[in-house]
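Participant: Sequence first, then the predicted structure:
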Amino acid sequence: DIDPKKVEEMFILTFDQFLYSVYQCQKASYFVDLTPNDKLTFLSKLFELDKWIACADTCKTKLQGLTAQSAERLSEIERLEQDIETNKGAIKDIDEQIDDWHATNQQEADLVASQIKELEDDLIESDSLDDISALEAEISAEKQQVEAALRNARIQERSVSDKQKKLEIEIRLLTEKIDRLLEQESKECPECKQIVQPEHIERIACGLSDQLDVLEQNLEKATADTDAAKELVLEAEVNLKQTCEAQLEQVAVIAELRAAISAQAKTKASIARLRRQKADIEARTCPLDRVKTSTLARIQEMETRLVAAKETLGSVEDQLAKYQFWQKHFPLLRLAIIKDVTQELEVHFNQAFARMGLMDYSVSMETERELKSSDAVKKEITLKIYCDDVEIDYDLCSGGEQKRIQLATEVGISDMIKARRGIDWTLRMIDEPSQGLSEEGIADMLELMREIASTQTTLVAEHRVADTGVFDNVYQITKQKNGHSIGAWAN
């Protein structure tokens with residue numbers, strides 16, 4: 001058995017190239033015997049053109065993945081566009097709800113403002129508590145002043161009254177003294193212990209009368225002062241009464257003012273509370289603003305993803321176009337190369353025919369065949385053989401002719417492999433070339449072997465050749481139990 005990898009390493013040829021250039025195995029089919037379609041397959045494999053099919057298959061595999069990616073991106077784009085439209089519709093609904101919320105909020109603020117206006121309209125100008133306290137202090141001071149005047153009048157009245165009473169007592173006492181003095185006439189004077197004379201009494205009485213007159217004058221003045229003091233007391237009492245009555249009226253007014261001020265204080269407190277309420281209402285933030293903000297952010301994020309998805313889709317579609325192009329054109333490239341190969345091979349075939357003495361023979365090769373049933377063209381390799389420029393049927397040729405044609409085409413293939421690989425060899429091995437030939441065919445085959453051997457050392461493994469004189473050396477290989485033995489041919 002031959003290891004194909006070792007052959008490729010040793011000969012720098014693929015195993016198929018080795019079989020059709022250096023070693024012709026009896027089990028390998030001759031190129032000329034292949035069907036048109038097999039000829040195409042054979043040349044594609046022989047000259048490593050199947051790699052373009054592999055490239056096309058790789059493109060197909062890539063296309064499957066890219067098509068799936070494209071479908072995913074399209075689905076993602078469609079989903080994102082739908083989600084964006086849905087969220088934009090939601091934004092419109094949210095805007096309407098926000099407008100309604102602001103309208104309702106403004107109505108509430110306007111209502112509070114109207115309440116503030118009503119309360120402010122109810123406020124009136126009034127004295128402050130300080131003014132009322134000053135008025136109360138003034139009323140109290142006035143009352144205290146009137147009460148002080150009354151007290152002073154009463155004190156003065158008591159003083160004058162006491163003076164009047166004192167004078168009355170003195171007058172009474174002096175009168176009694178005068179009366180007693182007059183009773184003491186012709187009696188002993190209690191003072192001088194002498195008999196009281198009328199002149200003495202009269203003189204004393206005159207002195208006492210003078211004193212009495214002074215006292216009576218003082219009493220009269222004191223009485224007048226007492227009456228004046230009483231009038232002052234009476235006047236002070238009237239003033240005090242009037243002052244108290246006026247104070248009561250003012251206290252009632254002050255109480256009313258205090259009540260009004262207290263009510264207005266409550267009103268002002270209500271106004272302050274309503275103003276704070278209005279400020280709170282105006283400072284409110286619509287809760288839907290956060291929903292709108294998050295929705296807009298979500299739309300922006302989806303739009304960013306949509307742009308990225310479209311860019312990815314564009315890249316994928318570019319790759320799809322490239323792989324679709326190459327999936328289509330790699331096989332076409334293979335066929336174009338095969339066409340070049342067949343044209344080149346046709347030249348090598350004809351050169352091999354001439355070199356092997358088949359001067360009247362030639363070949364032509366075509367890579368396309370029109371189908372009769374349609375206008376389609378089938379890709380295959382058709383080999384036509386001519387003799388004296390007339391196409392002949394290969395199947396009607398004799399065995400020797402077929403063998404020569406077979407070997408000529410194999411030599412042509414070998415020459416082309418040499419040319420394409422840029423290498424040369426001087427050895428060719430052929431396995432049982434006489435298989436299926438008649439005696440005449442074998443004679444022709446040996447003649448052809450001689451022509452091949454003129455340019456290459458040719459090794460032929462054969463069972464049927466009787467005439468070994470055509471070979472330079474003949475060896476016999478004998479199969480034994482423990483292996484093979486090689487020795488000179490006995491004949």
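Facilitator: Nice, I can see it. Numbers count the residues shown, from 1 in each chain.

Participant: Quick check: Leu240 vs Thr226, distance?
Facilitator: Here Leu240 is placed at a distance of 20 Å from Thr226 (Cβ to Cβ, to the nearest Å). All C-beta spots, glycine's among them, are computed from the backbone N, C-alpha and C.

Participant: Which of those two has more residues huddled nearby?
Facilitator: The neighbour count for Leu240 versus Thr226, taken as other Cβ atoms under 10 Å, is higher for Thr226 (21 against 18).

Participant: immediately after the helix or strand containing the more buried one, which helix or strand?
Facilitator: Using DSSP states H and E, Thr226 falls within helix 198-283. Later in the chain than helix 198-283, the nearest helix or strand by DSSP H and E is helix 287-355.

Participant: Can you give the distance of that following helix from its chain's centre?
Facilitator: 32 Å (Cα atoms, centre = their mean, to the nearest Å).

Participant: Could you do stretch 347-365 as well?
Facilitator: With Cα atoms, centre = their mean as the basis, stretch 347-365 stands 76 Å off its chain's centre.

Participant: Quick one: residues in contact with it.
Facilitator: By Cβ atoms under 8 Å, 6 or more residues apart in numbering, the residues outside stretch 347-365 that reach it are 342-343, 345-346, 381-389, 404-405, 407-409, 411-413, 415-416, 419, 447-448, 451-452, 455.

Participant: that older thread, which other helices and strands contact the helix holding Thr226?
Facilitator: Judged by 3 or more Cβ pairs under 8 Å, 6 or more residues apart in numbering; DSSP states H and E, the packing partners of helix 198-283 are helix 50-122, helix 129-183.

Participant: Helices - which of the contacts of stretch 347-365 land there?
Facilitator: 342-343, 345-346, 404-405, 407-409, 411-413, 415-416, 419, 447-448, 451-452 (DSSP state H).

Participant: and these, which are buried?
Facilitator: By neighbour count, with 16 or more other Cβ atoms under 10 Å, the ones in helices among the contacts of stretch 347-365 hold 342, 345-346, 404-405, 407-409, 411-413, 415-416, 448, 451-452 as buried.

Participant: Could you single out the nearest of these to Phe42?
Facilitator: Ile413 (9.4 Å; Cβ to Cβ).

Participant: List just the nearest of the buried ones among the ones in helices among the contacts of stretch 347-365 to Leu46.
Facilitator: For these, the minimum distance to Leu46 (Cβ to Cβ) is 7.4 Å, reached by Ile413.

Participant: Is the closest one in contact with Thr342, as I believe?
Facilitator: No. Ile413 is not in contact with Thr342 according to Cβ atoms under 8 Å; the separation is 11.5 Å.

Participant: Report the central residue of this structure.
Facilitator: Centroid-nearest residue in the chain, with Cα atoms, centre = their mean: Glu301, separated by 4.4 Å.

Participant: List phi and psi for Met359.
Facilitator: Backbone torsions of Met359, given as degrees, to the nearest 10, read phi -70, psi -30.

Participant: meant to ask about Arg284, not that
Facilitator: Main-chain torsions, Arg284, degrees, to the nearest 10: phi -60, psi 150.

Participant: If you count neighbours, what's buried in stretch 63-77?
Facilitator: Residues 63, 66, 69-70, 73, 76-77 are the ones in stretch 63-77 that count as buried (16+ other Cβ under 10 Å).

Participant: for stretch 261-278, same thing?
Facilitator: Residues of stretch 261-278 classed as buried under the neighbour-count rule (16+ other Cβ under 10 Å) are 261, 264, 271, 274, 278.

Participant: Low-confidence stretches in the stretch 301-450 of the chain?
Facilitator: Across the stretch 301-450 of the chain, the ranges flagged by pLDDT under 70 are 369-377, 436-437, 441.

Participant: Dump the buried residues of stretch 261-278 to CSV, plus distance to Ile442 and pLDDT.
Facilitator: Listed next are the buried residues of stretch 261-278 as CSV, based on distance: Cβ to Cβ, whole Å; pLDDT from 0 to 100:
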residue, distance to Ile442, pLDDT
Ile261, 148, 78
Gln264, 144, 81
Ile271, 135, 90
Leu274, 130, 92
Lys278, 125, 92
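
Participant: Number of residues surrounding the nearest residue to Leu174 once chain neighbours are set aside?
Facilitator: Excluding the flanking residues, the one nearest Leu174 by Cβ to Cβ, 6 or more residues apart in numbering is Leu212, at 5.0 Å. By other Cβ under 10 Å, 18 other residues sit near Leu212.

Participant: just the one 3 residues further on next, same as before
Facilitator: Residue crowding around Leu215 was assessed by other Cβ under 10 Å; the count is 22.

Participant: Repeat that for Met429.
Facilitator: 16.

Participant: Secondary structure element for it, which one?
Facilitator: In this structure, Met429 sits in strand 427-431 according to DSSP H and E.

Participant: Buried residues of that strand, list them for me.
Facilitator: Neighbour counts over strand 427-431 (16+ other Cβ under 10 Å) mark 428-431 as buried.
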